[in-house]
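In: have a look; sequence and predicted model below, questions after that.
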Amino acid sequence: MTNGTNSHNVSYPQIMFLTGLLNSHTNTASVMRSNDIQFDIQRNHGDDIRLICLNEYTCGLAKIYEVLDEFPGTNLFYVGGNWNSYTLEAKEYCLQSQFGLYNSAEINGGLHRNDFWAYHQRDRKGDPLYQTKGS
């Protein structure tokens, strides 16, 4: 699959938004895009990342498995804009597997951490705040 098409119906504007975000991030040394939605990221600090750009209103575990099958080595799933989210089941699986799972409100924080999969926003009590919907 060459740049310009993908089997996950991710739009060009969504891909370009993520490209801009990754290229301007302070912990990004280089970004290489392939297969239209695959981003291989070398970071200034921390391990390299293989990110897959999705546009999932609610990303479930089945989508995680589908992407892992299609894109071996993926360790970060970007589900799209602030309105997009993931199920708690998918988030728990990704945390256990040390995979990042983020929407656009969370991705910047994750890229800064060495343990990029473990980043989460916190509520007023300090408890993890995940962008989940359904289950």
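Out: In hand now; what should we look at?
In: ok, L54 to N114 distance?
Out: Counting by C-beta to C-beta, to the nearest Å, the gap from L54 to N114 is 24 Å. (Each C-beta comes from the backbone N, C-alpha and C, glycine too.)
In: out of those two, which sits in the busier spot?
Out: L54 (24 against 10; other C-beta atoms under 10 Å).
In: check contacts around the closest residue to that one other than its chain neighbours.
Out: In space, and not counting its chain neighbours, L54 is closest to V79: 5.2 Å by C-beta to C-beta, 6 or more residues apart in numbering. In this structure, V79 makes contact with L54, N55, E56, C59, S85, Y86, L101, Y102, N103, judged by C-beta atoms under 8 Å, 6 or more residues apart in numbering.
In: can you tell me the strand partners of whatever helix or strand I52 lives in and which way each runs?
Out: Following DSSP states H and E, one finds I52 within strand 49-53. Applying DSSP bridges, strand 49-53 is found paired with strand 38-43 (antiparallel), strand 76-78 (parallel).
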